[in-house]
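**Student:** Here's a sequence, model it:
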Amino acid sequence: MTTLFIFPGACSFAAHVVIHELQLPITVERVVLGSEDSPYRRINPTGRVPALLLDDQTLLTENTAILPFLADLRPGTSLFAPAGSVERAQIQAWLGYVATEVHVGAFRPINRPERYSVDEAAFPGIRQRALQQLANALKPIEARLAQSDYLVGDRLTLADIYLGVFVGWSARADDLLAEFPALRAFLGRYRARESVVQALAAEGLA
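**Tutor:** Now for the predicted structure:
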């Protein structure tokens, strides 16, 4: 049985939502993070989530790889687009943008300033600068969602599912979303979707 390894509320939430959205026969298993001796590191040496362990014991990591892989398990799903199509490339472009500019570029220094300085006195400044970076990263997304309910085309795709994780995190960041009405509306639609409700409940976050 294929298994998706997650940590509640982490970026692995996107893959968890896709599993519910597509009703894939994949086991979802919670893991403990942050421990060098965690048994999970025997499965994934990086100790990060998400990770997808296939039936043949092949391990896939990183949302930008796992989300398209999951969608391709349901050929023709509206969450993705055919190989070679412009829409597929657009979805992948948004996945890359969210992964690099929003997650790593902004939330990583917000959540883990110790990665950027050994001086604890510098942490507040790192976080403040990262919040500014987050706001800047969200501006192109806000502009797109002010024109359409979705990042690509006229339907929910992997890009929206992935984005929803970080818009939810942004809602906790000093009223940041007050500046972004389209993103606030997006988050309301996202959280109302049945697959998101199911994943939140399964992760104990409802």
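**Student:** Other residues contacting stretch 91-100?
**Tutor:** Outside stretch 91-100, the residues within contact range by Cβ atoms under 8 Å, 6 or more residues apart in numbering are 62-64, 67-68, 80-81, 140-141, 151-152, 157-159, 162-163, 166. For the C-beta atoms, the positions are set from N, CA and C on the backbone; glycine is no exception.
**Student:** again, only this time at 10 Å
**Tutor:** For stretch 91-100, the external contacting residues (Cβ atoms under 10 Å, 6 or more residues apart in numbering) are 11, 14, 62-65, 67-68, 71, 79-81, 85, 103-106, 137, 140-141, 144, 151-153, 157-167.
**Student:** If any of those are buried, put those into a PyMOL selection.
**Tutor:** Applying 16 or more other Cβ atoms under 10 Å to the contacts of stretch 91-100 leaves a buried subset, and the PyMOL line that selects it is:
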select buried, resi 11+14+63+67+68+71+79+80+81+103+105+106+137+141+144+151+152+157+158+159+160+161+162+163+164+165+166+167
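**Student:** Counting residues, which helix of the chain comes out longest?
**Tutor:** Using DSSP state H to assign secondary structure, the helix with the most residues in the chain is helix 123-145.
**Student:** For it, list every residue counted as buried.
**Tutor:** Neighbour counts over helix 123-145 (16+ other Cβ under 10 Å) mark 126-127, 130-131, 133-135, 137-138, 141-142, 144-145 as buried.
**Student:** care to break the protein down by domain?
**Tutor:** Domain assignment of the chain by automatic domain parsing yields the ranges 3-77+197-202, 86-193.
**Student:** could you dump the ones you listed to CSV with mean pLDDT?
**Tutor:** Below are the domains of the chain laid out as CSV (pLDDT from 0 to 100):
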stretch, mean pLDDT
domain 3-77+197-202, 96
domain 86-193, 96
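**Student:** What ranges does the chain have for its helices?
**Tutor:** Ranges of helices within the chain are 13-22, 63-72, 86-97, 108-111, 123-145, 158-170, 181-192, 194-202, based on DSSP H.
**Student:** Out of the buried residues of helix 123-145, the closest to Glu120 would be?
**Tutor:** Comparing the buried residues of helix 123-145 against Glu120 with Cβ to Cβ picks out Ile126 as the nearest, at 10.3 Å.
**Student:** Could you double-check that that closest one sits in contact with Pro109?
**Tutor:** Yes. With contact defined as Cβ atoms under 10 Å, Ile126 and Pro109 form a contacting pair (5.2 Å).
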